[in-house]
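K.L.:
Let me see the structure of the following:
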Amino acid sequence: MTPTADTNEGSTTGRIVLLTLAAGQFLMALDSSVMNVSIATVAEDVDSTVTGIQGAITAYTLVMAMLMIPGGKVGALIGRKRAFMIGCCVYGCGSLTTSLAPNLPVLLVGWALLEGIGAALILPAIVALVAGNFTVERRPAAYGLVAAAGAVAIAVGPLVGGVATTYFSWRWVFAGEVVLVLGILLLARRVADAVPDRRPRIDLVGAVLSALGLGIFVFGVLRSSQWGWFRPKPDAPSWWGVSPVVWLMLAGLLLIWLFLRWETRLVGRGREPLVDPALLGNKQLTGGLTMFFFQYLVQMGVFFVVPLYLSVALGLSALKTGARILPLSLTLLAAAILIPRLLPDVSPRRVVRFGILSMFAGAVILMVALDADAGAEVVTIPLLLIGLGMGALASQLGSVTVSAVPDEQSAEVGGVQNSVTNLGASIGTALAGSLLIATLTTSFLTSIEQNPAVPDSVKTQANVQLQSGAPFLSDAQLKTALEDADASPAVTDAALDANTEARLDGLKAALAVLALAALLALFFTQRIPTTQPGSAKP
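P.N.:
Numbering: from 1, shown residues only. A predicted model of the protein is given here:
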């Protein structure tokens, strides 16, 4: 790919181009951080449950993960700037639909489907447009500023969501996104298109295989809390005596393997693949992609679990929840910006390992600190550590992956990278939520079963009604439900005590699996280079 413009960040045009692309990156990262802090409010507003909103959060990232690589190829076919602008239009329509959504299905169409499709066109195009609008020596700074915009979105998202939910409505956030999209489209006229050296062809078979493989695999993970991981839950479907989750995950992996075989076959015939299989042999690239996967798995798991503790278990408002999450956002932003500036020649591998250990330490400390007497203040130190780790990873991984290949493959790597990050985010949210609900249910039923104050008839009824999973309820919500059911004072007290203990057990189990994922990532850091890309570019 050859640059179509020789702009730089010191010129007016360069600043406008950077502002446009950074605003696009900001918009893509804003949704999930805003929605996570408002889960309980959104669920009530659209007459759904926490699990339903969790499904919407996961579906949004899943749609992006499924379509990101084909979206990059579409951009190469019709032009990166056109793909960027069309993606913004689709995304804006999704934001408008979400802001007006009366129920969960409409929310899913607007947020998960339309916004997901728009993001799949926007994010790969941003990578190529930076390369097409800035000279080679200017690109590292431009990529860094665009990446920082995503960190800013994560930093301000919880507060934006908290303020909007507390004083206005979460719907105003999505309405504001429509205005932001209009501003991006207006500024995008100054962006020079990134013209590919040749007109690519779309591998439709590869696109279908990759999308189906990723989609089926993650759908299986999503259904684990309702169907069971291996042994089918009562009233759940059973395929040959095993939960459908196992078969869906196996089918997804098989389709991904078939996709890779198909791509290899295309290359052997001299035809253009959707993804060049040779990229998987690039040690530096695969190392960076693996770290991206684990980072977003832990990151989105934390952003799902911690707001639940603050807003549901402790009953904090969305605004107070956002304020309590701010330490994570501040250290994330500080590390992402200051590490490259203060330590420009530091070993990327060393920074990545530091980031992983910081995230691991934060998750473990938070898991240990949670107890029945804990308040909102217990999250501060752990979130500072987790944010520091996330920021350290963000400061290195982008340059590690982009510098692993020649410039003409930067857009292809951008599509793969965004697909991997969204896949990690999707699995992280689903895995944390699934384990949380499973542990919550087991703990609650065990407490009720062992309490002599609860009649046998109530124990039996609880086992029947909660066989598919207990909802994550606040004390106020549970008390209202028990009053509606005319429960006795003894049963009400027993249920409230059991719910308090079960919530903590569920949260701790989710944090434990996130800590385990962070520790597992350490085993793959050997593929991260020890020198900065500028001094050792392949």
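
K.L.:
how near is V109 to T41?
P.N.:
20 Å (CB to CB, to the nearest Å). The C-beta positions use only the backbone N, C-alpha and C, and glycine is treated the same way.

K.L.:
Give me the more crowded residue out of these two.
P.N.:
With neighbours defined as other CB atoms under 10 Å, V109 and T41 compare such that T41 has more, 20 against 15.

K.L.:
tell me the mean pLDDT for the helix or strand encompassing that one?
P.N.:
Assessed by DSSP states H and E, T41 sits inside helix 39-45. Averaging pLDDT along helix 39-45 gives 78.

K.L.:
which strands and helices sit next to that helix?
P.N.:
helix 50-78 (3 or more CB pairs under 8 Å, 6 or more residues apart in numbering; DSSP states H and E).

K.L.:
before we move on, back to that, buried residues in the helix holding T41, which are they?
P.N.:
I39, A40, T41, V42, A43, D45 (16 or more other CB atoms under 10 Å).

K.L.:
Adding distance to A149, write the residues you listed out as TSV.
P.N.:
Compiled in TSV, the buried residues of helix 39-45 are given as follows (distance: CB to CB, whole Å):
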residue	distance to A149
I39	25
A40	28
T41	27
V42	25
A43	29
D45	29
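
K.L.:
Taking the residues you listed together, which two end up most distant?
P.N.:
Farthest pair in the buried residues of helix 39-45 (CB to CB) is I39 and D45. Separation: 10.8 Å.

K.L.:
So what touches the helix holding T41?
P.N.:
35, 48-50, 52-54, 107, 165, 169-170, 307-308, 311-312, 318, 474 (CB atoms under 8 Å, 6 or more residues apart in numbering).

K.L.:
from the residues you listed, which ones fall inside helices?
P.N.:
M35, V50, G52, I53, Q54, L107, T165, P307, L308, A318 (DSSP state H).

K.L.:
Quick check: the fourth one touching M35?
P.N.:
Yep, that's I53 we're talking about. Yes - in this structure, I53 is within contact of M35 by CB atoms under 8 Å, at 7.3 Å.

K.L.:
Looking at N418 now. What's its pLDDT?
P.N.:
81.

K.L.:
Work out the gap between the helix or strand hosting it and the centre of the chain.
P.N.:
N418 is part of helix 410-450 when elements are defined by DSSP H and E. Computed by CA atoms, centre = their mean, to the nearest Å, the chain-centroid distance of helix 410-450 equals 10 Å.

K.L.:
Now do that helix: which elements does it pack against?
P.N.:
Right, helix 410-450 is packed against helix 50-78, helix 116-133, helix 204-222, helix 224-227, helix 283-308, helix 380-402, helix 456-465, helix 489-521 by 3+ CB pairs under 8 Å, 6+ apart.

K.L.:
okay, those in TSV with distance to T331 next?
P.N.:
Putting the helices and strands packed on helix 410-450 into TSV (distance: least, CB to CB, whole Å) gives the following:
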stretch	distance to T331
helix 50-78	23
helix 116-133	25
helix 204-222	29
helix 224-227	31
helix 283-308	13
helix 380-402	4
helix 456-465	42
helix 489-521	16
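
K.L.:
Out of those, indicate the one that is most buried.
P.N.:
Mean neighbour count (mean count of other CB atoms under 10 Å) peaks for helix 116-133 among the helices and strands packed on helix 410-450, with a mean of 28.

K.L.:
OK, contacts around the residue nearest the centre of the chain?
P.N.:
The chain has A425 as the residue nearest its centroid, 3.1 Å off, counting by CA atoms, centre = their mean. By CB under 8 Å, 6+ apart, the contact list for A425 reads S32, T61, Y296, L297, Q299, M300.

K.L.:
In space, what's closest to the fourth one - neighbours in sequence excluded?
P.N.:
Once its chain neighbours are removed from consideration, L297 has its nearest residue in G428; the separation is 3.6 Å (CB to CB, 6 or more residues apart in numbering).

K.L.:
Now do the contacts for S169.
P.N.:
D45.

K.L.:
swap the cut-off to 10 Å and go again
P.N.:
S38, T41, V42, D45, S99, A175 (CB atoms under 10 Å, 6 or more residues apart in numbering).

K.L.:
same question, A101
P.N.:
Neighbours of A101 in contact, by CB under 10 Å, 6+ apart: V42, D45, V46, A56, L107, L108, V109, G110, W111, R171, F174.

K.L.:
so what pLDDT did the last one get?
P.N.:
Meaning F174. Confidence score, pLDDT, at F174: 88.

K.L.:
pretty sure it is touching L100, no?
P.N.:
Yes - applying CB atoms under 10 Å as the test, F174 and L100 come out as touching, 8.6 Å apart.

K.L.:
Look at those two and report which has more neighbours.
P.N.:
A direct count of neighbours by other CB under 10 Å for F174 and L100 places F174 higher, at 27 against 13.

K.L.:
Next, count neighbours for G24.
P.N.:
Using other CB under 10 Å, G24 is surrounded by 28 other residues.

K.L.:
And it, how close does it get to P340?
P.N.:
21 Å.

K.L.:
State the distance from the closest residue to A236 other than its chain neighbours to G389.
P.N.:
Nearest non-adjacent residue to A236, counting by CB to CB, 6+ apart: W227, 4.4 Å away. Relative to G389, W227 is positioned 33 Å away (CB to CB).

K.L.:
that older thread, any idea which of the ones in helices among the contacts of helix 39-45 is closest to P382?
P.N.:
P307 (13.9 Å).

K.L.:
The closest one contacts L316, doesn't it?
P.N.:
Yes - in this structure, P307 is within contact of L316 by CB under 10 Å, at 9.2 Å.

K.L.:
Overlap in contacts, these two.
P.N.:
Contacts common to P307 and L316, judged by CB under 10 Å, 6+ apart, are V37, A40, G162, G322, R324.

K.L.:
for the record, mean pLDDT for stretch 248-267?
P.N.:
Mean predicted confidence for stretch 248-267 is 90.

K.L.:
Now, the shared contacts of P307 and L316 that are in strands?
P.N.:
Secondary structure from DSSP state E places none of those in strands.

K.L.:
And those, which two are furthest apart?
P.N.:
A40 and R324 (14.5 Å).

K.L.:
Would you confirm that T500 contacts A494?
P.N.:
No - contact criterion CB under 10 Å: T500 and A494 do not qualify, at 11.1 Å.

K.L.:
Could you tell me which residues touch both of the two?
P.N.:
S447.

K.L.:
Count the neighbours of the closest residue to V513 other than its chain neighbours for me.
P.N.:
Closest residue in space to V513, ignoring its immediate chain neighbours: L435 at 5.4 Å, by CB to CB, 6+ apart. Other residues within reach of L435, judged by other CB under 10 Å, total 22.

K.L.:
swap in L328?
P.N.:
29.

K.L.:
who touches it in this structure?
P.N.:
Per CB under 10 Å, 6+ apart, neighbours of L328: 154-155, 158, 299, 302-303, 306, 362, 379-380, 382-391.

K.L.:
what ranges of the stretch 51-200 of the chain fall below the confidence cut-off?
P.N.:
Across the stretch 51-200 of the chain, the ranges flagged by pLDDT under 70 are 135-144, 148, 151-152, 155, 194-200.

K.L.:
Can you tell me the element the residue nearest to M390 when sequence neighbours are not counted falls in?
P.N.:
Leaving aside its sequence neighbours, M390 sits nearest to L332 (CB to CB, 6+ apart; 4.7 Å). Secondary structure assignment for L332, by DSSP H and E: helix 318-342.

K.L.:
Kindly report the same for P529.
P.N.:
Assigned by DSSP H and E, P529 falls outside every helix and strand.

K.L.:
separation between the nearest residue to L504 once chain neighbours are set aside and A363?
P.N.:
Nearest residue to L504, sequence neighbours excluded (CB to CB, 6+ apart): L370, at 5.5 Å. From L370 across to A363, the span is 11 Å (CB to CB).

K.L.:
Now for these two: what residues contact both?
P.N.:
Going by CB under 10 Å, 6+ apart, residues that sit against L370 and also against A363 are P382, L511.

K.L.:
Over to R269: give its phi and psi.
P.N.:
phi -90, psi 0 (degrees, to the nearest 10).
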